[in-house]
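# next one to model:
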Amino acid sequence: MDSSGSQEKKSIPRFASFKPRPAPPSEADRPPGRPSRDTSDRDVKSSHHSRHRSRHSSHHDRSRSRERHRSHREHRSSRKEASHRRREPTPEYPRASTSTRTVKHPPEEASDLYVIDSKGDRYNLIYGTLHRYSVPQYYRVGRGNVLGLPSSYKIDRESAVEDVLIVTNEKKEGKSKKKTKNLLAELDKGRSRLLRIRPESLVDAAAETSRDYISLSVSRNGKHLDLLEVDSDDDKHAYRSIHGKAKPEDDLPSDVEAVSDTDSDKEGGRRDPDHEIKERNAELLQIVEKHPDDVSAWLTLIDHQESLLRGPEREFGSLTYAEKMGLADIKLSLYEKALKKVGPSPAKDRLLLGLLEEGAKLWDTKKLSAEWQTILKSNSEYINLWIRYLDFRQTEFLDFTYERCLATFLECLRLNKSSFDKPEKTQIHFYLFLRLTLFIREAGFTEHAAALWQGLLELTFYRPGSLDGSKGPEEVIPAFLEYWESEVSRIGEVGAKGWKNEGNVLRNANSSEKFQFQLNPKAVFASWAPSERERIVNARLPARSIDDSEEDDPYRVIIAPDLEEILSLAWQPTLVGVLIDSFFYFSHLPPVSSVDNWGTTSRWNGDGFVQNEFASNFYATLADWLPGVAADMEPTVASPILFPHQNYIITLDTLFADPAKWFSALKTWSDATSKSQSDVDPVWIRRAVRSLIEAQPEDDDLAEYGLALELACKSKDARKFAKSLLKKRSSSLRLYNAYALIERRFGNQAAADHVWATSLSMSKSFPDRDRVDSIIVWHTWIWELLDAGNAAQASHLLLSMPQNSIDLKILSDASSHPSFSPTSLLKIHSYLSEAQEIGLANEKPIVFTSCIDCLAILSYLSNSLDLRRSLKYYHNAFARLAALPDQSKSFANFTTELLHQSRARLLYHHIRTSGIYKPSHIRSLLSESISVSRHNTMFLSLFAWNESRFRIEERVRDTIRDITSINTNTDNLTATPVPITTHLFSIYTEVNRPTYAGSTMHSVRAAFEKAIGDTIYQGSNTSTGHSSITIWKLYILFELSRNDIQRAKNVFYRGMRACPWSKELIMLAFTHLRADVVREQYPQESRKGDGMGFDELRHVYNVLVEKGLRIHLDIENELDEIAVEMERKRISSGSGLPITMPEDKDSEDEMHS
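Residues are numbered from 1 along each chain as shown. Got it, this is the predicted structure:
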């Protein structure tokens, strides 16, 4: 080798993967019997597809949508193959020509696996959901896994409620739940672990004491916790870790350890958390076995079953649907067993009512009606059963008709009248009559209900002397009906003097009534709604046969046969106080509160069938009930005195209250009746109350109430009426006091002071029985000055008390706060203590409470507005009332709540006028008042107001959750229903709660749903709100205020089913939910859903007809004509064919192509 060759560059060594590909052989060098693999494969596929295409070519014409889908997929596949070819190395052999490698994928075989529908499902409009029979059968796979979630998340089958799926994280739970068919096996689910503080070793303790610093975190074995420790359960122990699988104990804090069952036994701990509940159940079973006739023991056992099902850890949680049904089945079997063992018993009706209540959750309407009939036939002597049967009949939509329900009312009245005399017989009697007249009015027959009350009041208070108590109904009723047919002025009408008085004038015939609204055939429903409303207001009182009217309405004139049967059953010349209270309820007025009606008629204030003043058409929007709240406004802290429903003791303070300074008992009624659209006539009620006052000359409570009613109506005759009463009752200090308040409310402060001062001077010559009421005058006057911010003059009044007189000149000049000397304080204390003893001895709660309140105010003003020192007088009074004997229990309970109301007024005054107080102290005092009277809306309003100002809303929710839960009466173990006013307060506070405190549309809806109760409990009476027209109307207005029309319609239909007798509720479809009203008031872009069209409104109108409710202006013929015309147009347009052919735009394209 020469030297030149050695100088040549040596080639760089290459790896095999970097070797260049060999040149492809020529066509001649290619073996003939070995075609390329790609070509071979393509040929085979091409041949296969050719045969496949020829075999299934007919499918191309059958499914154009599938072809478009496949072509898109083929295009995507070809792009993918092209991209792959660009990435792969150069092939060894040349590619075939385009013609040889082009492959056309044939259409796929038709399949039912999926359908592409670009037009939507028209059954969504028909059924409101997917058509069940058009949806293919699906099968779930993956054992509860959810697509898109980690594998640890699974569907919890046991916790599923109806059609709601609950997804849980199994890793956090530690173990999966075991399925079981036994509902009571759920007690062992989620068993709690007993924990204890880990004992500290001596070595660790010594090490801690030797350090020169204090550790902020406890570490184990000197190893500090890693601040960057990952929280995920998966990362705590790797799957290859020597620690093995993570245990629940690993999540415990370092200073806490779990206690084993053995250690728990050694330390005396409970091994079974349910042990006490099960032990109590065993004890109750033994009691009923030893005493099978003990109704209370059976009721306790049955009530305990829910605790047994819930266990200790689910005391406040909600039960699933299956658990509720299972619990009802268990209770039902226990009720049946108890009825077999008890036998004849006065308390048997409590077991029967419980049986029917639980059965209503399990049975259908037909079976429930049959059970009611069976039980009533064999237990007809229990009036409570009949009242509950009345509730069932009135609320059962399918079987309800006006005539059928009216017959049930009369049967209940007949049964109660023939029953044995009992203390509660009279209350039940007038409750039934009140329910009857409310039912008649709410069904649309307003003049009939008013005529019944006119007749009953005339029979009771103005019966002629010749028909005294010795005469029976068989003589009195015919005589009264003869007087009725004479058509003279009746009670509450102009010129009425009463049946027994001469000189009743014959009322002049009314001229022909000209109605403002008339029916327009071109807009039937739009014109019918105001026309019907106008006629409803015009028919609030009965017409006369001599009246000239355009209406051809036979119900306008009430004749003798319309009254005879009902008045024969209703008239009872006893306990006129109960009758007056019932009339006030009928008039939407609060009753006169007294010791006598405490616990009887005063409890009707929370009855869902009675308390429905909001059903009046005056309340057209949610803002009418809740001023200042709209859909786009953030709720603010509202004044506590604005809640429009009352459930507290009605006294002089609330009857004559200034609505801007304290709770007013008559403000809501005054606002509602000030408009002409109210369902009660305020003028007729005022005249009727005046007649009752005249018939009861000794009743100062009623007279005082009547003057407050005149003031609430802003009547110019209020002063004149007060003076006329004082001429007849010149020694009544309470009437002087009421007259002074009227003058003060009209702005005449000097005249009011003169009346107060004069009455106090005159009282020195009054009898002791009347003179003791002077403390009421002092108390009222002092509070008027405190509310006006004049504490100096209030102090001067306190100093003048012992003399029982006042110098008005000195009072007007009192500008500075006077000083209280020990002597003057002693004299005032002596005067008030003496009056307090008289009030306690004579059981006069107003006198006793006024004395205690004046003592507290005296301490408050004389000790630099020290609230704590003034409260001791209330505490001493509470203790004294609690020590009274059992025969004074009613007086003690009534006066105790009245004292709490007086204390609440002082608290409210102190908060408004003084900035020095502790909210926690106010909270504890109001909580104490709520514990005394759980449903007193005065205490609840003040409590919510105090808490809302400090943004701690959960205390309010906790309190409301407690008071809206049904409690069991410890005396008779019957469920005490929650008053309707409490549910309304819950809704009111939730709507008023701001967003930052957790209020949402969902929380408000939850409050509504809790008030009306579960829909599956429609036959149950545990929820007073389920049959409340007020709550249903508010619910509808709430949804409308949020522009959710579809929800409002759904709530409307639910309410119509729950209250089928309420015409006012059904009329909301024509006044609020009509399509044109919705389009006008709710913009398209912000509302959800549309209003009711002609077909929907016609169906609602048919409900009025089918249920027998009153219709003043019948439009049935007009609706039939419109329906016929619409059907004719539908057929002529071709849209009325038996089969509607779907549109197919693709077919149209083919025809035009």
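# next up, phi/psi of residue 690, please.
Main-chain dihedrals, residue 690, degrees, to the nearest 10: phi -60, psi -40.
# in contact with the residue nearest to residue 896 when sequence neighbours are not counted: list those residues for me.
Spatial nearest neighbour of residue 896, excluding adjacent residues (CB to CB, 6 or more residues apart in numbering): residue 881 at 5.2 Å. Quick note: C-beta positions are derived from backbone N, CA and C, even for glycine. Residue 881 sits next to 892, 895, 896, 899 when contact means CB atoms under 8 Å, 6 or more residues apart in numbering.
# go with 7 Å
Neighbour list for residue 881: 892, 895, 896 [criterion: CB atoms under 7 Å, 6 or more residues apart in numbering].
# neighbour count and secondary structure added to the residues you listed, as a markdown table?
Below are these laid out as a markdown table (neighbours: other CB atoms under 10 Å; DSSP: H, G, I helix; E, B strand; the rest coil):
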| residue | neighbour count | secondary structure |
| --- | --- | --- |
| 892 | 20 | helix |
| 895 | 28 | helix |
| 896 | 20 | helix |
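# list the contacts of the helix or strand harbouring residue 569.
Take DSSP states H and E as the rule and residue 569 turns out to sit in helix 560-570. Helix 560-570 has contacts (CB under 7 Å, 6+ apart) with 410, 413-414, 417, 433, 448, 451-452, 455-456, 459, 473, 477, 481, 484-485.
# list the buried residues in it.
The neighbour-count check on helix 560-570 (16 or more other CB atoms under 10 Å) flags 560, 562, 563, 564, 566, 567, 568, 569, 570 as buried.
# as a whole number, average confidence for that helix?
Across helix 560-570, pLDDT averages out at 95.
# got the CA coordinates for it in PDB?
In PDB, the C-alpha atoms belonging to helix 560-570 read as follows (Å, rounded to 0.1, in the frame of the first residue of the first chain):
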ATOM      1  CA  ALA A 560    -134.800  31.800  54.500                       C
ATOM      2  CA  PRO A 561    -134.200  28.200  53.300                       C
ATOM      3  CA  ASP A 562    -130.500  29.100  52.700                       C
ATOM      4  CA  LEU A 563    -130.200  29.700  56.400                       C
ATOM      5  CA  GLU A 564    -132.600  27.400  58.200                       C
ATOM      6  CA  GLU A 565    -130.700  24.200  58.400                       C
ATOM      7  CA  ILE A 566    -127.300  25.700  59.200                       C
ATOM      8  CA  LEU A 567    -128.600  28.200  61.900                       C
ATOM      9  CA  SER A 568    -130.600  25.400  63.500                       C
ATOM     10  CA  LEU A 569    -127.400  23.500  64.100                       C
ATOM     11  CA  ALA A 570    -125.200  26.500  64.800                       C
END
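# from the chain's centre, how far out does the helix or strand just after that helix sit?
On the C-terminal side of helix 560-570, the nearest following helix or strand under DSSP H and E is helix 576-586. Computed by CA atoms, centre = their mean, to the nearest Å, the chain-centroid distance of helix 576-586 equals 27 Å.
# for stretch 526-542, same thing?
Worked out by CA atoms, centre = their mean, stretch 526-542 lies 30 Å from the chain centre.
# for stretch 715-729, same thing?
Relative to its parent chain, stretch 715-729 has a centroid offset of 42 Å by CA atoms, centre = their mean.
# tell me the mean pLDDT over that stretch?
On average, stretch 715-729 scores 91.
# for stretch 680-696, same thing?
For stretch 680-696, the mean pLDDT works out to 94.
# what residues of that stretch count as buried?
Counting neighbours by 16+ other CB under 10 Å, stretch 680-696 gives 680-682, 684-696 as buried.
# could you single out the nearest of the residues you listed to residue 506?
Nearest to residue 506 out of the buried residues of stretch 680-696 is residue 687 (CB to CB; 17.5 Å).
# and that closest one, how far is that from residue 656?
Look at residue 687 and residue 656: by CB to CB, to the nearest Å, they are 21 Å apart.
# pull the distance from stretch 752-771 to the chain's centre.
With CA atoms, centre = their mean as the basis, stretch 752-771 stands 48 Å off its chain's centre.
# now do stretch 423-441
Centre-to-centre, stretch 423-441 and its host chain are 25 Å apart (CA atoms, centre = their mean).
# what of stretch 866-878?
Relative to its chain's centre, stretch 866-878 lies at 36 Å (CA atoms, centre = their mean).
# use 19 as the first number for this chain going forward.
Done: numbering now begins at 19, and the last item shifts to stretch 884-896.
# all strands for the stretch 269-418 of the chain, in order.
With DSSP state E, counting those that start in this stretch, the ranges of strands along the stretch 269-418 of the chain come out as 274-276.
# can you pull out the low-pLDDT segments for it?
Across the stretch 269-418 of the chain, the stretches falling below the confidence threshold (pLDDT under 70) are 269-291, 333-334.
# ok, 80 please
269-292, 330-336 (pLDDT under 80).
# mind listing what the residue nearest in space to the middle of the chain touches?
Nearest to the mean C-alpha position of the chain, by CA atoms, centre = their mean, lies residue 1029 at 2.8 Å. By CB under 7 Å, 6+ apart, the contact set of residue 1029 is 1001, 1004, 1005, 1043, 1049.
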